[in-house]
Structures are given as structure tokens and as C-alpha cells.
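> sequence unknown, structure follows:
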């Protein structure tokens, strides 16, 4: 696996010192991890465990959000716009059979069966911070593999500049889609270099277990340095395209949600500040970090860009 | 005690305390969800708004039913609205902003939904302060004039809710609809119309 930190950029060049000090620290050992995973399993009727998952050597030294909170406090408008709707209603989602079409500007398009996709690359645990655009955050131990693994197998052509991610559209399984709260299906997008970045994850699990429906089963995107809505759930299509895709939230409110939507405490959402966030489980707000604390790994992708304009 | 519970005002007082009691019990039992602060902010804000709408419903209900005694409960309804607005504001000032005056001032100036909510709260303060019989007597005709501030306060309260929602305006639109209805029935034109319908 390629290193997740670009060694050619000095973090101090692009990152203020206070953010620099927040660099991810190494976790002590697998013992703590197994404990955390075991603890999480007690919350609900346990979903299937994933086997052969490699521990995250770069896991942040931060308390993981409890399994119960991660699986009961969700934005997944396909099941309703309330935070507790997904946990209450996502039972109706059927994750088998399931396919993900990889298509567009690639030499090797393929409709992947989900079980083949699960064996595409070794599964790794990735403990990521998640920052919602609404101003709350969690620390989540995902299981998955870098999206780059899939992209390499598709052999993108020179026309592939962006990736479009499309979520399932089936009002029978997703009751929230019976109302046009968003222009269904849910669409998200990444620039090719963002998609190829080793931090960008295709997640299939949580706390060492199969991903619960309400968290975007059977397979979802996780882009930890962007606001949560960029990480599209329940993917059925990944399309390589030339132009930036029109995402669901850009279509809903273009002045509020930009294509990049990088976590940035200096650029306020038009209706609320992004300077602080409430970490779920904490009483008071804490400072939001540039690129959600991943600046030393990803700031290079945006060098020279006006992040106020490209919000 | 027995006599006290027979008065309808006492029941109203007990009912007004229930939303707070529910929050306390949920807090003790750990039932406030993953983001308890958001839960408390949303709940107290909702009850402040419901309190305002109930207060505004007294006069139309009185006209509709002919029960003039209803007006006796208006003060308690209004004070409950103010009580929950205070809890709501306290949640924001303390748990959201840690009493940081600069952050609060910037928020009020820059974010329309905070501007609306804060203004609505400020407008309610003189109403609560002049809710006593003594203040009513002292202010005379001006009391009624002053208490018309409840109209802009309620409108701003609904706007505050509308503007903070990310998507799916259903819930705030319900409050907007009820408020709209309560305002429309106050128009002289509507009242004439209703009177004519009743005569026929």
C-alpha cells in the first residue's frame, strides 16, 4: 500500500502549527482494538463479523464513538430526514443480491457482485473522524479498502477526470424516496486525484462487523476530510466522467453545498458557522480542524486553490 | 391541596411542566440520544413555539366558543412559552457557545436564523416582565400595545425554525401554517366573514 502521507510536502508549508500538532498518532496495539470491537458488538443483535481485517496502524489517539451512537444517529435521507429514521426504517433495505456497476471512461467496465467486491482487496480497519456539515462529529472504525484499489482495476482512460457515485434508488426499499426531499437518486462526486487518495475508502464494515443498513450497507464511500454528505451510501454505480458531476446537494442548494465540501473551519456555511463542532459524547463544542485534521495528507490536493470560492 | 387541584389553572401549570419533566427523566435514563444538547435545544425551542401559538390561540378560541373565561389562562401560557424560550436560549449561550460573548455576537450578526431567534427572545422579555396584574394596571392602554410584540416574536420564532432546517421543511411549515391561521382569523375582514357565516 502506498503511504498515506505525501512525503514531498512539508506539513508546515500548508498547515498552521496548531493543526499540525493534531497529526494522527499511532495506536498502541491490537488489544485495545479488539476490546473496542467487542464492546460495540453488545449494542444490538450482532451483525456478522468480518474476518481477516488488518488493524489500522494510523488510528488516531481519540476515543471511538460508541457503536450505538454511530448506528442510531444518522443522516440517510433515503430513510427519512430525522436522525433516528434510518435506524428505525432501514430494515427494508435488501443488501443481497447487490451489484455495483463500474463504468464510463474506463478500459475495463464491470458490474461487480458485492461478494466479489468484498474479496477485491484485503480488508483494513480505518479509524476516521467524521465531520457532519451540521456541526457534529464522530470517530468511526470503518472496515474497507482504498477506493484506489477498485479504480486501478477499472483502468480509467484519459477522459476520466471525475468520479460520479450513485446510491440505490428504490422507493420500495427506501421509504424516504417516496418524497422528493432530494432529487433521487443520491449522487456524489470526487475529482480523480481525490478518489485515488489512499485515505479515500470504500467501507463495507463498522467495528469489525458487516456495515449496518442505516450506515450505508452494503458498500459506501468514506472521504474523511470532507463533510459527511460527500461519503455516499449504498452505492450501485461508480461512473468515470469528464466533467464534475451534479451532486444531489448541489442540485438542492447550490449556494450552500459546493462540489468540494472540504471540512474548513474558516469557510462558514451560509447559515451557520463551521468553526466548531460537537463531538458526539461531549458536552461542549471543540474547534474544527482544517480538512478535518487530515491537512498534512490532503492539503497538497488543493494547493493554489481559493477554498472560499471552491467550497 | 385538594382545592388547588380543582382549579383548571393548576392543571395547566402541571401540564406546562411536563415537557421539562420529560427532558429531566430522559436525561436521567440516558434517553436523550447521541446528541443530547441538540435534543434539548430542539425540544425546548419547540415547546417555546408551541407555547406562543397556544397563547395566540386563546382569543380566537374565546370568540369561537364564547367562553370568555379562557383569557384567564393566557398569562400562564405566555409565561410557559417564555420559560421554554429561556431554557432554549440558555442551551445555546452555554452549551453551544460556552458564554463566549464575541462568538455569540458574531453569530447573531452573521446568521439570519440566529438573528431571528435572538430577536424573538428579546421581544418576549418585556412581555414576561409586564405580565403581572400590577404592571397591567400601571401601563393601562399601553399594556395592550406593548403586548402586540407577541406577533413579531411568533413570526420570528417560526422564521428561526424555517431557516435552520437543512432540507425537508415539513415540520417548520406546520408551525408556519398554524401561525398563519391564527393571524388570519384576527383580520377584521375574516371576522366579518365569520360573523356573516354564523348569522346565515
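Here it is on my side, so go on. As the structure is a prediction and not an experimental result, all values here were calculated from the model.
> secondary structure class for the residue nearest the centre of chain B?
Compute the mean C-alpha point of chain B, and by Cα atoms, centre = their mean the closest residue is residue B:52, 2.6 Å away. Classification of residue B:52 using DSSP: H, G, I helix; E, B strand; the rest coil returns helix.
> ok, the one 5 residues further on next?
What three-state DSSP gives for residue B:57 is helix.
> pLDDT wise, what is residue B:7 at?
With respect to pLDDT, residue B:7 scores 70.
> repeat that for the one 3 residues further on.
Predicted confidence (pLDDT) at residue B:10: the value is 85.
> how about residue B:65?
Note on residue B:65: pLDDT of 86.
> check residue A:3 too.
pLDDT, residue A:3: 47.
> with residue A:200 instead?
pLDDT recorded at residue A:200 is 98.
> in contact with the one residue sitting closest to the centre of chain A, which residues?
The centre of chain A sits closest to residue A:222, judged by Cα atoms, centre = their mean, with a distance of 1.6 Å. Taking Cβ atoms under 8 Å, 6 or more residues apart in numbering or on different chains, we find residue A:222 in contact with A:126, A:128, A:130, A:142, A:144, A:200, A:201, A:202, A:203, A:231. For glycine as for every other residue, the C-beta is placed from the backbone atoms N, C-alpha and C.
> using JSON lines, lay out the residues you listed together with distance to chain B and secondary structure.
Putting these into JSON lines (distance: Cβ to the nearest Cβ, whole Å; DSSP: H, G, I helix; E, B strand; the rest coil) gives the following:
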{"residue": "A:126", "distance to chain B": "21", "secondary structure": "strand"}
{"residue": "A:128", "distance to chain B": "17", "secondary structure": "strand"}
{"residue": "A:130", "distance to chain B": "12", "secondary structure": "strand"}
{"residue": "A:142", "distance to chain B": "17", "secondary structure": "strand"}
{"residue": "A:144", "distance to chain B": "22", "secondary structure": "strand"}
{"residue": "A:200", "distance to chain B": "24", "secondary structure": "coil"}
{"residue": "A:201", "distance to chain B": "22", "secondary structure": "strand"}
{"residue": "A:202", "distance to chain B": "25", "secondary structure": "strand"}
{"residue": "A:203", "distance to chain B": "19", "secondary structure": "strand"}
{"residue": "A:231", "distance to chain B": "16", "secondary structure": "coil"}
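> Serialize those to JSON lines and add fields for neighbour count.
Shown next, in JSON lines, are those (neighbours: other Cβ atoms under 10 Å in any protein chain shown):
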{"residue": "A:126", "neighbour count": "23"}
{"residue": "A:128", "neighbour count": "26"}
{"residue": "A:130", "neighbour count": "22"}
{"residue": "A:142", "neighbour count": "25"}
{"residue": "A:144", "neighbour count": "25"}
{"residue": "A:200", "neighbour count": "23"}
{"residue": "A:201", "neighbour count": "23"}
{"residue": "A:202", "neighbour count": "23"}
{"residue": "A:203", "neighbour count": "25"}
{"residue": "A:231", "neighbour count": "21"}
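> what's the following helix or strand after the lowest-mean-pLDDT helix or strand in chain B?
Lowest by mean pLDDT, DSSP states H and E among the helices and strands of chain B is helix B:2-6, with a mean of 58. Later in the chain than helix B:2-6, the nearest helix or strand by DSSP states H and E is helix B:8-29.
> now do that next one: everything it contacts.
The contact list for helix B:8-29 (Cβ under 8 Å, 6+ apart) reads B:4-5, B:31-32, B:36, B:39-40, B:43-44, B:47, B:51, B:72-73, B:76-77, B:80, B:83-84, B:87.
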